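Asker: got a predicted structure plus its sequence, pasted below:
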Amino acid sequence: MNKPIIFNKPYITGNELKYVTEVTVSGKLSGGGKFTKWCTGFFEEKYNIKKAFLTTSCTDALEMASLLLDIKPGDEVIAPAYTYVSTANAFVLRGAKILFADSNPLNPNIDADSIEKLISPRTKVIIAVHYAGIACDMDKIMGIAKAHNLYVVEDAAQAVDSYYKGKALGSIGHIGAISFHETKNVISGEGGLMTINDDQFYKRAEIISEKGTNKSSFMRGEINNYEWVDIGSSFLASEITAAFLRAQLESMESIQKVRKKLWDLYYSELNAAEKNGFLKRPFIPEYAEHNAHIFYIVLNSSKERMALIQHLKSKNISAVFHFLSLNKSHFYKNQGTIDLTNSDRYTDCLLRLPMYYELTKEEIVYICEQINSFFENNERLS
């Protein structure tokens, strides 16, 4: 390859500037305008979501969820350790104690069988993170939540247009959160979405999203003036963000079609390496329809992963690892050390390969050739 193969590149569909210009000329720059309504309506209609709120980030959507669920000091929240810090931090900010569950041995998602033993009388929420857009076992998680009168928050940051048994991720738990960060399949630079799937939360979610006021009711003409009625913050995304996002959502079908073909090519080209025991490809359960967000491999050791990273770098290919399991983070270690076998293994051994819309089939074949040659030439470390 004559040019470096980067890890990620945001894809621009062509209408982003047109829509952003339309917003700029209109003079309506703050959130809640026609582009915001189009985007939230898109998710409500396409994915059978009862109510969607566009936010400035997925982190904000998770923080809204913690407010909406009245998380208080002393409450306990169960979350996977192999996740981004926002998953836990959104609830820690409200005083919650996070109890970390291990990952599934087959993929980085939460091991649903490890949840029940962590439940106590103080438990309030289970967070299901759909890593790489691959669904967690939602029937089992929702069943546990129902049996213990708990809420489920879906961290679907990576899971736009992914499904569990035909149901869109983010539409199953009581509340969901989706990301449109520039690294995701559809983007707005920064940006997120909170999904409400339980009617009891809708009215208060609207108030929380409007800084704790009933401004939305006022704007609809339902009341004569608005006032401070609850806690809240400035979560609402601008019309500029929504305009950019609309251009992406309009092209999502074609974006997904391309990404899935690229993902499938990786999977095919690395079949022999897995059969020979050199690596593990992503495991997709029968109940999951994923969105080709990430193509990752799991190596046999951290030393082997580092050696492969260096080998690929020498061939102008950028490949990167992912999360540091939060149970081993500096912040959490102050609360005590726990070992989570599978989560720690993904921390040490998972490697993400380049994955973006403009990546070519030839580049993927080249990447896989370099991975295969790494093993065939016995360059790996035991």
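Answerer: Nice, I can see it. Numbers count the residues shown, from 1 in each chain.
Asker: show residues contacting the top strand by length along the chain.
Answerer: Longest strand in the chain, counting residues (DSSP state E): strand 123-129. Residues outside strand 123-129 that contact it (Cβ atoms under 8 Å, 6 or more residues apart in numbering): 69, 71, 75-80, 82-83, 87, 91, 96, 99, 109-110, 115, 136, 138, 141, 144-145, 148, 150-155, 157, 173. Every C-beta, even on glycine, is put in place using the N, C-alpha and C of the backbone.
Asker: mind listing which of those residues are in helices?
Answerer: Assigned to helices by DSSP state H, the following of the contacts of strand 123-129 qualify: T87, F91, M138, I141, I144, A145, H148.
Asker: D230 and A205 touch, don't they?
Answerer: No - contact status for D230 versus A205: not in contact, 10.4 Å apart, counting by Cβ atoms under 8 Å.
Asker: give me the more crowded residue out of the two.
Answerer: Legend: neighbour count by other Cβ atoms under 10 Å for D230 and A205, higher for A205 (24 against 14).
Asker: show me the contacts for the more buried one.
Answerer: Per Cβ under 8 Å, 6+ apart, neighbours of A205: K51, F53, M64, L68, M194, I196.
Asker: can you tell me which of these lies closest to V23?
Answerer: F53 (18.9 Å; Cβ to Cβ).
Asker: helix or strand right after the one helix or strand K203 maps to?
Answerer: If you go by DSSP states H and E, K203 is part of helix 202-209. Using DSSP H and E, the helix or strand that follows helix 202-209 in sequence is helix 215-219.
Asker: picking that back up, need the ones in helices among the contacts of strand 123-129 in JSON lines with neighbour count and distance to G189, can you?
Answerer: Converted to JSON lines, those look like this (neighbours: other Cβ atoms under 10 Å; distance: Cβ to Cβ, whole Å):
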{"residue": "T87", "neighbour count": "26", "distance to G189": "21"}
{"residue": "F91", "neighbour count": "26", "distance to G189": "26"}
{"residue": "M138", "neighbour count": "21", "distance to G189": "30"}
{"residue": "I141", "neighbour count": "23", "distance to G189": "31"}
{"residue": "I144", "neighbour count": "19", "distance to G189": "37"}
{"residue": "A145", "neighbour count": "21", "distance to G189": "34"}
{"residue": "H148", "neighbour count": "15", "distance to G189": "39"}
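Asker: want to throw those into TSV with pLDDT and distance to K215?
Answerer: As requested, the ones in helices among the contacts of strand 123-129 are exported to TSV (pLDDT from 0 to 100; distance: Cβ to Cβ, whole Å):
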residue	pLDDT	distance to K215
T87	98	29
F91	98	26
M138	98	34
I141	98	35
I144	98	37
A145	98	32
H148	98	36
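Asker: which one of the residues you listed is nearest to R305?
Answerer: T87 (23.3 Å).
Asker: so who does the closest one touch?
Answerer: With Cβ under 8 Å, 6+ apart, T87 has these contacts: L62, A79, P80, I127, V129, D155.
Asker: quick check: it vs S162, distance?
Answerer: Using Cβ to Cβ, to the nearest Å, T87 is found at 17 Å from S162.
Asker: repeat that for I284.
Answerer: Per Cβ to Cβ, I284 is found 10 Å from S162.
Asker: overlap in contacts of those two?
Answerer: Joint contacts of I284 and S162 (Cβ under 8 Å, 6+ apart) are I134, H290.
Asker: who's more crowded, those two?
Answerer: Between I284 and S162, counted using other Cβ under 10 Å, the more crowded position is S162 (23 against 16).
Asker: didn't that one look like it was pressed against I294?
Answerer: No - counting by Cβ under 8 Å, S162 does not reach I294; the two are 11.3 Å apart.
Asker: spatially nearest residue to S233 (excluding sequence neighbours)?
Answerer: K211 (6.1 Å; Cβ to Cβ, 6 or more residues apart in numbering).
Asker: which helix or strand contains R352?
Answerer: strand 350-353.
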